[in-house]
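Asks: Here's a sequence, model it:
(one chain, ligands or ions: 1)
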Amino acid sequence: MRVRCNDCGTETEFTLAGWRCDCGGAWEPLFPARFEPEKVRTEDFSLWRYGDLLPLDVHAPARVMGVGWTPLVPVRIGGRELLLKLEFLSPSGSFKDRGVNAMVNQLAQMGAAALVEDSSGNAGASLAAHAARFGLEAEIFVPATTSPAKMQQIAVYGATVTPVPGPRQAASDAVQALLGLGRAYASHAWNPAYLAGQTTVAFELWEQLGRQAPDWVILPTAQGGQFLGLYFGFAQLLAGGLIAKLPRLVAVQAERVAPIVRAWEGGLGRIPAVAPAGPTLAEGAAIPRPVRDRRILQALRESDGIALAVSEDEIAAAQTQMAHLGYYIEPTSALALAGYLRLQDRIGAGESVVLPLTGSGLKGKPQIS
Ligand SMILES: [Zn+2]
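Replies: Residues are numbered from 1 along each chain as shown. Below you'll find the predicted structure:
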């Protein structure tokens, strides 16, 4: 798998030991110049229907997991029809499966036998599920504040769960100290194959909307895996002349941990780390600084996007509102609806809006509001 560093421009072959560039930047896959619709395997109803379009060394899965091709469902909220992309209907219950499925297929092909990851929960659960299916060892480091349901989910797959006290970064530091000891870093933040897998959500939306892009996609954004997957995916569709413009991408964060919003509103070129102002219900989005910071800001600019932060009360209310429509999602996932409710007056009457529902509510305790 050829990769490139967006920070310094180095291009190389990806290796298990070289999990990031020497300059400290994150590797990106060399994406195809444009989307080629004739390469879609229309008989495959998983993310591997795009297997021949992904910049990986594997083009068909070594183990079939049933990840991808999630439903797109219309609902009326506040007088407008919104489209919900049910990403939580995935084997481990979150959108992380899309990237992890691509990543584990790639790492297994490269000969990895043991995988390590630091995660606030969903990525760890997804990695543990895939490691189980592939017969690989997995060790997941989670912040000690992670919800017990998420830790139990990781453990039941057979992975080792190690809670790490202290801030979110402490879990990353603990993992990175272990690398080089025969373990592959299967990181949803750093791994380029993970990012490749997340582009498939853009391709699916394009197909499900009758070969069109939506006008808006409003989503929780922390490390930006799904956000950048949408950006890189729709950019390939745009380059292929298959859509007229990128959808406007809206990155929604919790006010208590909002590094992207702060950098965007400040007009900065990089995203500085923030000190969390307190615990947030949106635990999956409590990332003080995303590693692909320049790309996130670029995607916001190029898509005419918006970054905005919402309060804890708005998150809780949005979770309840979504439950009253029949969708029990986790608080992090409710950032999408909370963001939409902030923005709705700025969205044109005829414009289409997609809200990805990223994670199941069964992973945490309900917040009643
Ligand atoms: Zn570099």
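
Asks: what domains does the record give for the chain?
Replies: Per automatic domain parsing, the domain ranges recorded for the chain read 72-92+193-363, 96-190.

Asks: closest to the ion out of these?
Replies: Closest to the ion of the domains of the chain, according to C-beta to the ion: domain 72-92+193-363, at 11.3 Å. (C-beta placed from N, C-alpha, C; glycine too.)

Asks: The closest one spans what distance, first to last residue?
Replies: 22 Å (C-alpha to C-alpha, to the nearest Å).

Asks: With stretch 340-349 instead?
Replies: End to end - C-alpha to C-alpha - stretch 340-349 spans 14 Å.

Asks: buried ones in that stretch?
Replies: For stretch 340-349, a neighbour-count test (16 or more other C-beta atoms under 10 Å) marks Tyr340, Leu341, Arg342, Leu343, Ile347 as buried.

Asks: Now render the residues you listed as CSV, adding pLDDT, secondary structure and distance to the ion.
Replies: Shown next, in CSV, are these (pLDDT from 0 to 100; DSSP: H, G, I helix; E, B strand; the rest coil; distance: C-beta to the ion, whole Å):
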residue, pLDDT, secondary structure, distance to the ion
Tyr340, 98, helix, 36
Leu341, 97, helix, 39
Arg342, 97, helix, 36
Leu343, 97, helix, 35
Ile347, 97, coil, 38
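
Asks: need the next SSE after the host helix or strand of Leu300, C-terminal direction.
Replies: Using DSSP states H and E, Leu300 sits in helix 293-302. For helix 293-302, the following helix or strand on the C-terminal side (DSSP H and E) is strand 306-310.

Asks: any chance you could map the strands in the stretch 151-300 of the chain?
Replies: Assigned by DSSP state E, counting those that start in this stretch, the strands in the stretch 151-300 of the chain fall at 160-164, 184-185, 216-220, 248-254.

Asks: Could you point out which of the ones you listed sits nearest Leu89?
Replies: Closest to Leu89 of the strands of the stretch 151-300 of the chain, according to C-beta to C-beta: strand 216-220, at 16.2 Å.

Asks: ok so, going back, can you flag the weakest of the domains of the chain by average pLDDT?
Replies: Note on the domains of the chain: lowest mean pLDDT is at domain 96-190, with a mean of 91.

Asks: How far off centre is that domain?
Replies: The chain centre lies 15 Å from the centre of domain 96-190; the measure is C-alpha atoms, centre = their mean, to the nearest Å.

Asks: is that domain up against the ion anywhere?
Replies: No - using C-beta under 5 Å from the ion, domain 96-190 stays clear of the ion, coming no nearer than 12.4 Å.

Asks: Straight-line length of that domain, end to end?
Replies: Domain 96-190 has an end-to-end distance of 13 Å (C-alpha to C-alpha).

Asks: got it, and stretch 236-254?
Replies: Stretch 236-254 has an end-to-end distance of 30 Å (C-alpha to C-alpha).

Asks: quick one: Leu178 and Val116 touch, right?
Replies: Yes - counting by C-beta atoms under 8 Å, Leu178 touches Val116, with 5.8 Å between them.

Asks: quick one, which of the two is more surrounded?
Replies: Per other C-beta atoms under 10 Å, whichever of Leu178 and Val116 has more neighbours is Val116, with 24 against 15.

Asks: Buried residues in the helix or strand where the more buried one lies, which are they?
Replies: Following DSSP H and E, one finds Val116 within strand 114-118. Using 16+ other C-beta under 10 Å as the test for burial, strand 114-118 gives Leu115, Val116, Glu117, Asp118.

Asks: can you put these in JSON lines and add distance to Lys85?
Replies: Listed next are the buried residues of strand 114-118 as JSON lines, based on distance: C-beta to C-beta, whole Å:
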{"residue": "Leu115", "distance to Lys85": "27"}
{"residue": "Val116", "distance to Lys85": "30"}
{"residue": "Glu117", "distance to Lys85": "24"}
{"residue": "Asp118", "distance to Lys85": "26"}
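
Asks: Any chance you could list residues touching both of Leu178 and Val116?
Replies: Glu139 (C-beta atoms under 8 Å, 6 or more residues apart in numbering).

Asks: Can you name the residues that contact the residue lying closest to Gln223 once chain neighbours are set aside?
Replies: Of all residues not flanking Gln223 in the chain, Ala189 sits nearest, at 4.4 Å (C-beta to C-beta, 6 or more residues apart in numbering). By C-beta under 8 Å, 6+ apart, the contact list for Ala189 reads Ala26, Ser172, Gln223, Gly225, Pro290, Val291, Arg292.

Asks: okay but the second one is in contact with Asp118, surely?
Replies: Yes - with contact defined as C-beta under 8 Å, Ser172 and Asp118 form a contacting pair (4.7 Å).

Asks: okay, and the common contacts of the two?
Replies: Shared contacts of Ser172 and Asp118, counting by C-beta under 8 Å, 6+ apart, come down to Phe141.

Asks: just the helices in this structure please.
Replies: Under the criterion DSSP state H, the chain contains helices at 96-109, 122-134, 148-156, 168-176, 192-198, 200-208, 225-239, 259-265, 293-302, 312-323, 335-343.
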